[in-house]
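# Pasted the sequence and its predicted model underneath.
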Amino acid sequence: MPAMPAKPGPGQPADPDGVSGPEHDGHDKPALPPPQPLHSKPSNRRLRRWLERQVAGTGAGSDGQPLQGWLCGFIKDRLLPNFQRFVTAREPLLWLLALLTGLVAAYAAIVFLWLIGLFQWPWLGTRSEFVFAAARETHWSLILLAPVAGGLIVGLILQHVMPGRRTYSVADVIEAQALLNCQMPAKAGLLSALVTALSLGAGASAGREGPVVHLGATLAMLIERFFKLPSHGRRTLLGAGVAAAVAASFNAPFAGILFAHEVILGHYALSALVPVVIASVSATAVARYHLGDAPAFHLAEYVGGLDIVSYWEFPAFVLLGLTCALVAIVFQFVLVGSDRLARSFTLPLWLRPVLGGVIIGLMGIFLPQILGVGYDATDAALKQQFPLWLLVTLVVAKMVATAVTLASRFGGGVFSPSLYLGTMTGGAFGMIAGMVFPDYASPPVLYAVLGMGAVAAAVLGAPLSTALIVFELTGDYGVTIALLLVIAIATGVSLSVHGVSFFHWQLNMRGIFLQSGPHARIMRLLKVRDFMRPVEAGEETRRSAAHPDSQAASDAFWLAPDDDVKTALRAFDKSGRSHLPVVHPQDPNTIIGWARHVDALAHFNEKLIEAHVEEHR
């Protein structure tokens, strides 16, 4: 029979494990060895030891000794490690920076809108977003000259000032998060926003949300430079900047939060949720304070009409989803095809926006609805102010105008054009459905709202956040089941053709493929310099002398510090060696270090584990 643990005497602390021995002789307090996290700061260790002393010194000699033992274990095993992880990861600072990012991004979005109005005022005589209404009262010569003059200024800036000689948008934010360690040059981001505001103010037919997303992410990374957050904190703050930009642009905080997780971060970890929410809410509050609480599209008088008339309409909703998928597929083909066609011509960079401005100006004379961002034309279509023939015409014209805008190097995005195309498609579909089945069809405005969400979701590859945007724009959840069905069908069919969203298609055209999972991203991020061993004093630094017996093999297989781990693993596999020389980038015969196969695998596995923890914590 096992011996029972001895009962502690008066004044002797209870042994929480019920074991007495030389380690617990009644004179020492119970040892509470904590798990030591990596890179723990001295201040955190002192705080932990102080808390341990407080826990170990409470309740000694009292009758509640079992409770004290449980409490000690709970604090030691749960509270202290979690709190220390919270402090070590600099989460409190990240929350404060997320608040600052939300405020800064919101004011940046407001300034961006103000700049668009400032640039359009000389030729439209108004700074509001009602471009279509103002253009109808403007002389045709101004409609033609404004995009041409704006294109000339944009072309000169791109050729002589702009880094990379192009503007930036959402795809660049995805690339920065996945492959560039969230590095986003401030000069390029700010100049890109200025060029895009000038483009849209001159009548270029594109969206403003994508450039604002890039601007918000750029400002978030500019703030992060002063505080040097850990890598996961940097990525989270980038997502916070994106959420703030979307929330301020659409007056849609939920959509901003979901867009940041769905499109940029690629996960829904709870540790990233709090900073993203803080940024989105603060940005929405600022935008509502300065711009009002009204949604982008005024559908208050139609809210009562957004109910489904009959559940027999669901076959029509399925057909609408297929129609919207077709529009989204064609739109993406037109965008990519026009860009390739423009690259096939040898023209000075400054001349490209000028020629694009000529085409847009000529189209705008006859169809002023395609000028600018197009929110006023979208709003008019939602209110059934356009006939059926005009809705169909505008679908084709907007595709061409947006493709010409982006291919000619004007700044802009595809978010607003996708909403525009979806609204026109859905409105036309609803009119036809009402003609064929007048007793069963809902009002065309309901179909227009469904089409708006479906085309945008299919193009952007963001079905959940797009659905929330539509909900927050309309303020009515009566269309929930129909909207989800239409969005799912349009997104699924579009993916069956393209395989990726438009943003990832843009990245694929640059040779960047991010659909294979985190391991593919890590293989490109992890460099040889991260795991190489520098040459020690007295060690041979010439490749021919380092491998005198196998000079041919030595010359055939070597690594450079900037090679990624994928290149290194292939070199190890082909050479059959366990270690390879790392040579100087300018002198391949000079060895500056050695890379070992086991070190490459260890670092790769370590980064995979870190990515898994970040996505699930």
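Ah, there it is.
# what's the following helix or strand after the helix or strand hosting residue 217?
Applying DSSP states H and E as the criterion places residue 217 in helix 209-224. Going down the chain from helix 209-224, the next helix or strand is helix 231-250, by DSSP H and E.
# how about the CA coordinates for that next one, as CSV?
Only the C-alpha atoms of helix 231-250 are listed here, as CSV (Å, rounded to 0.1, in the frame of the first residue of the first chain):
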residue,chain,number,x,y,z
SER,A,231,7.0,40.3,-37.7
HIS,A,232,3.5,39.1,-36.7
GLY,A,233,2.7,42.5,-35.2
ARG,A,234,3.9,44.2,-38.3
ARG,A,235,1.6,42.1,-40.5
THR,A,236,-1.3,42.7,-38.1
LEU,A,237,-0.8,46.5,-38.2
LEU,A,238,-0.7,46.3,-42.0
GLY,A,239,-4.1,44.6,-41.9
ALA,A,240,-5.3,47.3,-39.5
GLY,A,241,-4.4,50.0,-42.0
VAL,A,242,-6.3,48.1,-44.7
ALA,A,243,-9.3,47.7,-42.5
ALA,A,244,-9.3,51.4,-41.6
ALA,A,245,-9.1,52.4,-45.3
VAL,A,246,-12.0,50.2,-46.3
ALA,A,247,-14.1,51.3,-43.4
ALA,A,248,-13.5,55.0,-44.0
SER,A,249,-14.2,54.6,-47.7
PHE,A,250,-17.5,52.7,-47.5
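# Now that helix: average pLDDT?
Here helix 231-250 scores 92 as its mean pLDDT.
# Now do that helix: which elements does it pack against?
helix 91-124, helix 170-179, helix 209-224, helix 253-259, helix 270-291, helix 463-474, helix 597-616 (3 or more Cβ pairs under 8 Å, 6 or more residues apart in numbering; DSSP states H and E). To be clear about C-beta, it is placed using only N, CA and C from the backbone, and glycine gets the same treatment.
# Tell me what angle it forms with helix 170-179.
Helix 231-250 and helix 170-179 are oriented at 160 degrees to each other (axes from the mean of the first three to the mean of the last three Cα atoms, to 10 degrees).
# List the buried residues in helix 231-250.
Of all the residues in helix 231-250, those buried under the rule 16 or more other Cβ atoms under 10 Å are 232-250.
# ok so, going back, from the chain's centroid, how far away is the helix holding residue 217?
Relative to its chain's centre, helix 209-224 lies at 10 Å (Cα atoms, centre = their mean, to the nearest Å).
# same question, stretch 255-262
8 Å.
# likewise stretch 522-535?
Here stretch 522-535 is found 27 Å from its chain centre; the criterion is Cα atoms, centre = their mean.
# Only the buried residues of it, if you could.
By neighbour count on 16+ other Cβ under 10 Å, the buried set for stretch 522-535 is 522, 523, 524, 525, 526, 527, 528, 529, 530, 531, 532, 535.
# Next, count neighbours for the nearest residue in space to the fifth one that is not next to it in sequence.
This means residue 526. Closest residue to residue 526 apart from its sequence neighbours, by Cβ to Cβ, 6 or more residues apart in numbering: residue 565 at 4.2 Å. By the measure other Cβ atoms under 10 Å, the count of residues near residue 565 is 22.
# got it, and residue 276?
Residues lying near residue 276 (other Cβ under 10 Å) number 30.
# My guess is it contacts residue 260. True?
Yes - between residue 276 and residue 260 a contact is recorded at 5.2 Å, counting by Cβ atoms under 8 Å.
# Overlap in contacts, these two.
Shared contacts of residue 276 and residue 260 (Cβ atoms under 8 Å, 6 or more residues apart in numbering): 239, 240, 243.
# what's the closest of these to residue 131?
Nearest to residue 131 among the shared contacts of residue 276 and residue 260: residue 243, at 27.6 Å, using Cβ to Cβ.
# Quick check: the closest one touching residue 257?
Yes - applying Cβ under 8 Å, one finds residue 243 in contact with residue 257, separated by 5.3 Å.
# which residues of the stretch 1-150 of the chain score low on pLDDT?
For the stretch 1-150 of the chain, the stretches with pLDDT under 70 are 1-70, 74, 76-77.
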